[in-house]
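Asker: Give me a 3D structure for the following:
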Amino acid sequence: MDVVLIVLILVLVGYFSKVFDILKEEHAKILNNIVIYIAMPSTIFLTILKNPSSQILNFLKLPLVIFISCLFVGILAYIVGKYFFKLKDEKLGALILVSMLGNTGFLGYPVCLGMFGEAGLARAIFCDLGGVFATMLLGTYVGIKFGKSKNKSVLKEMAKFPPLIIGIFTIILALLGFKLEYLPNFILKSLNYLSSATVPLIMMSLGLSLSPRALRFGVFWGILVSILRFVVSPASAITLAELINIKGLDRDVLLIESSMPSAMMSLVLGTLYELDIKLIASSIFITTALSLIVIGVWEIVI
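Answerer: Below is the predicted model of the structure:
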């Protein structure tokens, strides 16, 4: 239960910073920018290059599994929303987004690091690459298909997403034989200092972003999305893992990453494409709160 308690404490630091007016909810965007543009790229660069190139090739199965799992959950959410609940486009698109896209980076990184150490974090980074591609391709398609706004600029913005760029660039460097030892010691230390800020800033930002007020917007949809995120998503990922012979720690990290709550990026996409923001906000809050229980269960089982 140590991982759950650590995550809970760091999230509560952010939340109570907002409650006691030390920080404001809008400051979450500033923390997110620090994480996305500075801290997380440093973590990705260092972590990938600590692994031998032969192992990195094996890791490339992980983003594929996450992407296919996201696609499967998205299709299932579409069927449930369209044919069982007869949802209108704005609500249907919102349901698909929060069901399909998991918080594989902002919550997946610290959880996998806490449960499995650096080896788990390396695999979580590759899983997150699949999540980023799902956001870019599938999330954008859902926004355009079901939203009121036909603005396509998010694809261009996501293509410039620093963690994705650094991840691909570092993988290429690793495959070419580049090693961390080639860098001057002062650069390595600087990158380590920046990287160490990733987890606490992510958790504080998450705490600042959460609002219990979102509960009044739709508990039912939050529970439905929770079933898709915490049952269907990991079940599909593990089934795929078995089919392509992913075992051991790779499989364990896939289980955790595919069990992450709804991604905060869903709210960005929902706002941009004018989907049902209330459904998205309630689903993010409920799935994030319930994820602490899910993480605790996986920590005991694994």
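
Asker: Only C-alpha atoms from now on, for both contacts and neighbour counts.
Answerer: OK.

Asker: mean confidence score for stretch 279-295?
Answerer: What stretch 279-295 shows for mean pLDDT is 91.

Asker: Likewise for stretch 189-205?
Answerer: Per-residue pLDDT values across stretch 189-205 average out to 89.

Asker: Now do the buried residues in it.
Answerer: For stretch 189-205, a neighbour-count test (16 or more other CA atoms under 10 Å) marks Leu191, Leu194, Ser195, Ala197, Thr198, Val199, Pro200, Leu201, Ile202, Met203, Met204, Ser205 as buried.

Asker: Columns distance to Val4 and secondary structure on top of the residues you listed, output as a markdown table?
Answerer: A markdown table is the format used below for these (distance: CA to CA, whole Å; DSSP: H, G, I helix; E, B strand; the rest coil):
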| residue | distance to Val4 | secondary structure |
| --- | --- | --- |
| Leu191 | 27 | helix |
| Leu194 | 24 | helix |
| Ser195 | 21 | helix |
| Ala197 | 19 | coil |
| Thr198 | 17 | helix |
| Val199 | 14 | helix |
| Pro200 | 14 | helix |
| Leu201 | 17 | helix |
| Ile202 | 15 | helix |
| Met203 | 12 | helix |
| Met204 | 15 | helix |
| Ser205 | 17 | helix |
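
Asker: And the residues you listed, which is closest to Val35?
Answerer: Taking CA to CA as the measure, Val35 lies nearest Thr198 of the buried residues of stretch 189-205, at 5.9 Å.

Asker: isn't Ser209 right next to Lys24, touching?
Answerer: No. Between Ser209 and Lys24 there is no contact, the gap being 9.4 Å when judged by CA atoms under 8 Å.

Asker: And the contacts of the helix or strand encompassing Asp252?
Answerer: Secondary structure from DSSP states H and E places Asp252 in helix 248-257. With contacts defined as CA atoms under 8 Å, 6 or more residues apart in numbering, helix 248-257 is touched by 59, 62, 66, 102-104, 108, 112, 120, 123-124, 127-128, 234, 237-238, 241, 295, 298, 302.

Asker: residue contacts, the closest residue in space to Leu87 that isn't next to it in sequence?
Answerer: Distances taken as CA to CA, 6 or more residues apart in numbering put Gly81 closest to Leu87, at 5.6 Å, once the chain neighbours are dropped. Gly81 sits next to Leu87, Leu92, Leu95 when contact means CA under 8 Å, 6+ apart.

Asker: With Leu275 instead?
Answerer: Contacts of Leu275 (CA under 8 Å, 6+ apart): Asp89, Glu90, Lys91, Gly93, Ala94, Gly143, Phe146, Gly147, Lys148.

Asker: Tell me, what's the model's pLDDT at it?
Answerer: So Leu275 comes in at 90 (pLDDT).

Asker: isn't Thr198 right up against Val35?
Answerer: Yes. Counting by CA under 8 Å, Thr198 touches Val35, with 5.9 Å between them.

Asker: What are the boundaries of the helices in the stretch 101-250 of the chain?
Answerer: 108-133, 140-146, 153-159, 162-175, 185-196, 198-209, 219-227, 233-243, 248-257 (DSSP state H, counting those that start in this stretch).

Asker: list the contacts for the closest residue to Ser53 other than its chain neighbours?
Answerer: What sits nearest to Ser53 in space, not counting adjacent residues and going by CA to CA, 6+ apart, is Leu175, at 5.2 Å. Residues in contact with Leu175 (CA under 8 Å, 6+ apart) are Ser53, Ser54, Ile56.

Asker: Next, the buried residues of the helix or strand where Ile56 lies.
Answerer: In this assignment (DSSP H and E), Ile56 forms part of helix 53-59. For helix 53-59, burial by neighbour count (16+ other CA under 10 Å) applies to Ser53, Ile56, Phe59.

Asker: Just the residues contacting it, thanks.
Answerer: Ile48, Arg123, Phe126, Ile171, Ala174, Leu175, Gly177, Asp250.

Asker: pretty sure the fifth one contacts Pro52?
Answerer: Okay, so that is Ala174. Yes. Contact status for Ala174 versus Pro52: in contact at 7.5 Å, counting by CA under 8 Å.

Asker: between those two, who's got more neighbours?
Answerer: The neighbour comparison of Ala174 against Pro52 (other CA atoms under 10 Å) goes to Ala174, with 22 against 14.
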